[in-house]
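> Starting from these lines, generate the structure:
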Amino acid sequence: MTPLRGWLLVVLALGGAGSCSESAGPVAGVLMVSLTTPNPNADGAILLTVTGPSALTSAAVPSASGLQLFSQPLSTTTSFAVTGTLTNAAILTIGVADVSKSSQYTATIQSVAAVDFQLRPLNGYSLKVAQ
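You can find the predicted model right below:
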């Protein structure tokens with residue numbers, strides 16, 4: 001083996017070893033909070049809380065939904081009010097620091113109001129957080 005060829009093999013081996021030891025790190029992204037309601041098109045507001053391992057980086061309602069969003073300052077536990085005609089669909093998008101931890105984010109319903117502002121029992125309602 002020639003000395004040049006030997007050095008080339010060493011450089012390639014070290015380069016490959018270095019790339020294997022590096023981790024990709026966190027990947028920021030967006031998660032969707034979807035609502036299941038037993039009263040689609042008859043609910044007018046929902047109060048919910050999102051909890052996760054790190055503070056949310058953003059929050060918004062889907063652009064064509066016609067919903068309005070009100071929130072506290074974003075943190076690891078943030079309360080939101082979403083108003084408008086609620087259906088069985090995504091009602092909130094949340095920015096997170098690491099989408100690989102999406103299963104650690106939970107959304108909990110605090111209350112739901114009908115379009116006539118009457119509070120509803122929470123039976124049959126659920127929220128799901130997913131990519």
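> C-alpha from now on. contacts and neighbour counts both.
Noted.
> Okay, the residue nearest to Leu67 when sequence neighbours are not counted and Val115: tell me how far apart.
Leaving aside its chain neighbours, Leu67 sits nearest to Gly84 (4.8 Å; criterion: CA to CA, 6 or more residues apart in numbering). For Gly84, the distance to Val115 equals 8 Å [CA to CA, to the nearest Å].
> So for the chain, the centremost residue is which one?
Geometric centre of the chain, nearest residue: Leu31, 2.6 Å, by CA atoms, centre = their mean.
> Is it correct that that residue falls within a strand?
Yes: using DSSP: H, G, I helix; E, B strand; the rest coil, the assignment for Leu31 is a strand.
> Contacts only, for it.
Thr93, Ile94, Gly95, Val96, Val99, Ser102, Val129, Ala130, Gln131 (CA atoms under 8 Å, 6 or more residues apart in numbering).
> What is the neighbour count of the residue nearest to Leu67?
By the measure other CA atoms under 10 Å, the count of residues near Gly84 is 18.
> Could you pull out the strands in this structure for me?
Per DSSP state E, the chain carries strands over the ranges 29-36, 43-51, 58-60, 68-71, 77-86, 90-96, 106-114, 126-130.
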